[in-house]
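Engineer: make a model of this:
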Amino acid sequence: MMDPMANISAPAESSDGRHRPVNIQQATSQGYVAVPNSTAVCDVFANGRNLAAVDMIRGWMGILSGMVVGIWGVTGFLRGFGCFLLLHVCTGLSIWVFKMRCCARISDYYLTPASPPSEGGTIVQVATFALSDMGKSGSSFVLFWTLFYGLVYLF
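Structural biologist: As a prediction, the model looks like this:
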């Protein structure tokens, strides 16, 4: 099994002599984490890399979209928040399409305590993923929006 988002492949035998786990008991004894109330097993290292990649992409999205909106001269809370919401959702969907390759279950790549793995509800999972973590990139967006608006239109 390969995790393309984290650029990690799981060979049949690793360098430390461990074999790929076959069941949950083997997985937990080899350092993987079993997801509660599920038969799924989560590789903590791959999940951490995926979380870091998504956070980095969304952080840069907040900075770059704030710069663009500031240069465009957008003023007002509703227009600014509308631009941020639109660009944040587009970024989330782009991550899902290009990095996760339109995976049917987002929890295969991006597992958080708030989003346990589920078998159905792909549209709900994609919408939740696209709208999540708005606070992390929102502050960067506001900072660069006001900075570039001030640099272009006030000075």
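
Engineer: going forward, measure contacts and count neighbours with C-alpha atoms only.
Structural biologist: Noted.

Engineer: give me the residue ranges of the protein where confidence is low.
Structural biologist: 1-44, 103-122 (pLDDT under 70).

Engineer: so which elements touch whichever strand or helix holds residue 70?
Structural biologist: In the assignment (DSSP states H and E), residue 70 maps to helix 44-72. On a contact count with 3 or more CA pairs under 8 Å, 6 or more residues apart in numbering; DSSP states H and E, helix 44-72 meets helix 77-94, helix 134-149.

Engineer: the shortest one to helix 77-94, inter-axis angle?
Structural biologist: Computed by axes from the mean of the first three to the mean of the last three CA atoms, to 10 degrees, the angle separating helix 134-149 from helix 77-94 equals 120 degrees.

Engineer: so what's residue 87 up against?
Structural biologist: 61, 65 (CA atoms under 8 Å, 6 or more residues apart in numbering).

Engineer: most packed of the helices and strands packed on helix 44-72?
Structural biologist: Per-stretch averages of neighbours, counted by mean count of other CA atoms under 10 Å, single out helix 134-149 among the helices and strands packed on helix 44-72, with a mean of 19.

Engineer: count the neighbours of residue 50 for me.
Structural biologist: Neighbours of residue 50 under the rule other CA atoms under 10 Å: 22.

Engineer: adding distance to residue 52, write the helices and strands packed on helix 44-72 out as TSV.
Structural biologist: Listed next are the helices and strands packed on helix 44-72 as TSV, based on distance: least, CA to CA, whole Å:
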stretch	distance to residue 52
helix 77-94	14
helix 134-149	13
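
Engineer: among those, which is nearest residue 126?
Structural biologist: Closest approach to residue 126 among the helices and strands packed on helix 44-72 is made by helix 77-94 (7.6 Å; CA to CA).

Engineer: what element comes up after that closest one heading to the C-terminus?
Structural biologist: Downstream of helix 77-94 (by DSSP H and E), the next one is helix 122-131.

Engineer: that next one versus helix 77-94: what angle between them?
Structural biologist: 120 degrees.

Engineer: list the buried ones in helix 122-131?
Structural biologist: Buried positions in helix 122-131, judged by neighbour count with 16 or more other CA atoms under 10 Å: 125, 126, 129, 130, 131.

Engineer: if I look at the last one, how far off is residue 98?
Structural biologist: What that stands for is residue 131. According to CA to CA, to the nearest Å, residue 131 stands 17 Å off from residue 98.

Engineer: over to the first one?
Structural biologist: Distance of residue 125 to residue 98, computed by CA to CA: 16 Å.
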